[in-house]
Structures are given as C-alpha cells and as structure tokens.
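J.: Sharing a sequence plus its predicted fold:
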Amino acid sequence: MDWHTFFGPIGLSIQISVAASVLVFAASLLIAWRMAKARFLGKSVLETALLLPLVLPPTVVGFVLLVVLGRRSWIGKAYESLFGGPILFTWESAVIAAAVVAFPLAYRTIKTGLQGVDPDLENAARAMGAGEWQVFRYITVPLASRSLASGYILGFCRGLGEFGATLMVAGNIPGRTQTIPTAIYVASDGGSMTMAWAWAGAMIALSFLMLLLVGRMSKD
C-alpha cells in the first residue's frame, strides 16, 4: 500500500472538516442564540430554511452551491477578482460544501442546548446589571457547554462524510480536494477494493470515535 496515497485524503478530509466545523460552530452558536428564545413573525419559515440542507439530497445542495459560487455569480466574481481564480474546485469550495451540509445538525444540537438553560439564572444576571453579551458569555455558554461541544463534534463528523455536494463544487483533485468519501468512490469504481476498504475503515474509525465522545459527554 502506498502510504502517501492512503494518508493524503485522510489528512485533507480532517483539515476541511476542522475548517468547516469552526465556521459552522460560530454561525450556529450566534444564530441559535438569537433563535432559541426569539418570537417573531416568520420564525418557523426561517428555521425551516436553516434546516433544509439536512433533508435535501447532497446533489441538490451541490447544484445550488454550483450556481451560487459559479463564475457568473457575484460571489464567484468577487473571489476571482481578489484571488485571481475561480472558487469552484478549490480547497475553499470543499470547506463551503462541508459547512453547508453540516450546519443544520450542529444548529439543532446547539439550539437545544441553549433552550435548556434555566431562564431564571439568565434573568438573575440581568437583574444584577449584566448586559446581554455578558449573560451569554458567562451564564448561557458555560451552562450549555456540553451541547455546544456536541454540536461542534457532530458538525465535524457530518463534514467529514460529505460526498455529493463536495464532488459537485470541489471535484476530486488529489492533494487539493480529494476527501475520503470521494477517494473511496474513485477507488471502488476503479476496482481498487483494498484501498477503498482501507479508507472506509479509517472513516468508520474516525466517526465512531467522535460519536463515542459525544455519547460520553451526554452521560457525564
């Protein structure tokens, strides 16, 4: 077995998933904080839109991203003017694809944790003169820390296993955008079952460890 070929997609997948899960965690935390206890007209519609990538086929998500990030879109044009090339079929596009599909899972987990914080504790802090940001930072986040960590880990796992959307917007370029799922697809399609099984085993092991960590955190 060529160990460089084996570890290449694994390292790249971890890098992409870490970057995507950081973006997802930050966005999920801020949006969930606002949505957890907010009451406004159209909230259910907005929340449905936020969760939509969770149920849409990855190819549909990939097609939408293909249009949104394409060279004719304002995002694509802005990126190309700044960096001198298209955003599609780059490491950045792989991160975006992983982040989009991972967001709903992380968002739901984090929002559930924030809603579980006792509002009396938050109100007590406000009564003592704490501002909203101080309440969020020193009361809400520490009390919901396990759910926040679980949301991050689940977002990481979802990004790690993303295939359809990543393939459409980032392709399968070894050393640049070839993740474990796309490597498995190419290997199995080409008859390299030993490599396909090796990558599948690595994916199963990584995902198992992450889910085991989430399970232990929920029990402690």
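T.: Now that the structure is in, tell me what you want to look at. Numbering: from 1, shown residues only.
J.: ok, residue 178 to residue 85 distance?
T.: The spacing between residue 178 and residue 85, counted by C-beta to C-beta, to the nearest Å, is 19 Å. C-beta: built from backbone N, CA, C; applies to glycine.
J.: which one of these two has more residues nearby?
T.: residue 178 (21 against 11; other C-beta atoms under 10 Å).
J.: Buried residues in the longest helix out of those in the chain, which are they?
T.: Ranked by residue count under DSSP state H, the longest helix found in the chain is helix 3-36. Going by neighbour count (16 or more other C-beta atoms under 10 Å), the buried part of helix 3-36 is 8-10, 12-14, 16-17, 19-21, 23-25, 27-29, 31-33, 35-36.
J.: Stretch 124-136 too?
T.: Within stretch 124-136, the residues that count as buried by 16+ other C-beta under 10 Å are 125, 130, 135-136.
J.: Among those, which has the minimum pLDDT value?
T.: Among the buried residues of stretch 124-136, residue 130 carries the weakest pLDDT, at 86.
J.: Now do the phi/psi pair for it.
T.: Dihedral angles phi and psi of residue 130 (degrees, to the nearest 10) take the values phi -80, psi 140.
J.: list the contacts for it?
T.: 138-139 (C-beta atoms under 8 Å, 6 or more residues apart in numbering).
J.: any idea how far residue 178 is from residue 7?
T.: Distance, residue 178 to residue 7, using C-beta to C-beta: 12 Å.
J.: quick one on the thing from earlier: what residues does the following helix or strand past the longest helix of the chain touch?
T.: Where DSSP states H and E defines the elements, the next helix or strand beyond helix 3-36 is helix 43-51. The contact list for helix 43-51, computed with C-beta under 8 Å, 6+ apart, reads 31, 35, 103-104, 107-108.
J.: Please repeat the previous calculation with a cut-off of 10 Å.
T.: Helix 43-51 has contacts (C-beta atoms under 10 Å, 6 or more residues apart in numbering) with 27-28, 31-32, 35, 38, 40, 42, 55, 103-105, 107-108, 111.
J.: List the buried residues for it?
T.: Those buried within helix 43-51 under the rule 16+ other C-beta under 10 Å are residue 50.
J.: try stretch 201-220
T.: Across stretch 201-220, burial judged by 16+ other C-beta under 10 Å covers 202-203, 206, 210, 214.
J.: avg pLDDT for that stretch?
T.: Mean per-residue pLDDT for stretch 201-220: 83.
J.: what distance separates it from the centre of its chain?
T.: Chain-centre distance of stretch 201-220: 16 Å, with C-alpha atoms, centre = their mean, to the nearest Å.
J.: one step back: closest to residue 166 out of the buried residues of stretch 124-136?
T.: Taking C-beta to C-beta as the measure, residue 166 lies nearest residue 136 of those, at 33.1 Å.
J.: picking up where we left off before, what about the buried residues of stretch 201-220, which are in helices?
T.: Judged by DSSP H, the buried residues of stretch 201-220 include 202-203, 206, 210, 214 as members of helices.
J.: export these to a markdown table and tack on distance to residue 157?
T.: Shown next, in a markdown table, are those (distance: C-beta to C-beta, whole Å):
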| residue | distance to residue 157 |
| --- | --- |
| 202 | 13 |
| 203 | 10 |
| 206 | 8 |
| 210 | 5 |
| 214 | 8 |
